[in-house]
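Engineer: Sharing a model prediction with you, sequence too.
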Amino acid sequence: MLGGATAGVRWVVRDQQALVQSDLYGVMYVAGNRIKTDGQPEDQLYSGPYFHMTEKGIDAFKSFGGETAPRAALDVLQRQGLSGTDITLIGHQASTVLLKSWSSKLETGPALSTITDFGNMTVASIAVTLAAREEDITTPYVMLLALGLDLHAHAVLLQRVI
């Protein structure tokens, strides 16, 4: 059970689906760059970690992010006998273009977002949006949809319990 922001409202996980494209492992990753390379390993110096995306990763993100991620959510909806109109979508807020694309593919109403309030918080935006926009949820179900490095997508269906 997840705690809700509104008194008396709770959310329970009803179903989930993860999809991974393991042949593209390493096309997007977080790592530091080696700054000082001479000497012993313990003497080497690295930058702080940051996000890297290879050329193959850029192409893969477009197809995987736009097509595969919504398929994870559609699999959950099908198993539960639900349609897009039964859910409110809260997704990974990498961009409003991605959210609109997912909402269109799932045939939901507009996706809830806090990107204009807080910017791109990557997957943290899902929990923040659920808490900040809970009062705007009018459906009995919420679909959480996220992308991750090394090309995985995860859909989680929450059901409102009062």
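Structural biologist: Ah, there it is. Residues are numbered from 1 along each chain as shown.
Engineer: how about stretch 66-77: buried residues?
Structural biologist: Residues of stretch 66-77 classed as buried: 68-74, 76-77 (neighbour count, 16 or more other Cβ atoms under 10 Å). The way it works is simple: take the backbone N, C-alpha and C, and place the C-beta from them, glycine included.
Engineer: got it, and stretch 100-111?
Structural biologist: Using 16+ other Cβ under 10 Å as the test for burial, stretch 100-111 gives 101-103, 105-106, 108, 111.
Engineer: tell me the secondary structure for the residue nearest in space to the middle of the chain?
Structural biologist: By Cα atoms, centre = their mean, the chain has its centre lying nearest to residue 146, at 1.5 Å. Here residue 146 is strand, with the state taken from DSSP: H, G, I helix; E, B strand; the rest coil.
Engineer: now it, nearest residue through space, not along the chain?
Structural biologist: In space, and not counting its chain neighbours, residue 146 is closest to residue 92: 4.4 Å by Cβ to Cβ, 6 or more residues apart in numbering.
Engineer: Perfect, I'm done here.
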